[in-house]
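Undergrad: Structure here, sequence nowhere to be found:
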């Protein structure tokens, strides 16, 4: 059974704005945990060295964890009740949080690739 839904341009722009605000806020909060130094790629560089891979490969592996969670929930149609940012009661991250983390990992992946190109 195919289902179709409607989402206007105004609704989409509003959603993008909200997600980008969350993205910026999350990037700032998690910076303290993962890359507190001036080099925002420190976390990826250190793990890449330990594993013998590139920082971009570490980053895309981190991204894949969030993508797998999203795919699993969507494939199981298990997303409407998890469509939240964070559940303060249980401490669980919702699917909105996974999407924001994925957006941020894509930004960081771009930074890893640009840094690698710059060094060549």
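TA: Structure received. Computed from a predicted model, the values in this text were never measured in an experiment.

Undergrad: The residue lying closest to residue 62 once chain neighbours are set aside: neighbour count?
TA: The spatial neighbour of residue 62 that comes closest, neighbours along the chain excluded (C-beta to C-beta, 6 or more residues apart in numbering), is residue 105 at 5.8 Å. Yep, even glycine has a C-beta here, placed from its N, CA and C like the rest. In terms of burial, residue 105 registers 20 neighbours under the definition other C-beta atoms under 10 Å.

Undergrad: The closest residue in space to residue 69 that isn't next to it in sequence: what's it in contact with?
TA: In space, and not counting its chain neighbours, residue 69 is closest to residue 98: 5.3 Å by C-beta to C-beta, 6+ apart. The neighbours of residue 98, taking C-beta atoms under 8 Å, 6 or more residues apart in numbering as the test, are 66, 69, 70.

Undergrad: Correct me if wrong: the last one contacts residue 95.
TA: Yes. The pair residue 70 and residue 95 passes the contact test of C-beta atoms under 8 Å, sitting 6.5 Å apart.

Undergrad: And those two? Which one has more around it.
TA: The residue with the greater number of neighbours, taking residue 70 and residue 95 and applying other C-beta under 10 Å, is residue 95; the counts read 20 against 16.

Undergrad: what's the closest non-adjacent residue to the more buried one?
TA: residue 82 (4.8 Å).

Undergrad: And residue 45, by the same measure?
TA: If you skip the residues right next to it in sequence, residue 45 has residue 55 as its closest partner in space, 5.3 Å away by C-beta to C-beta, 6+ apart.
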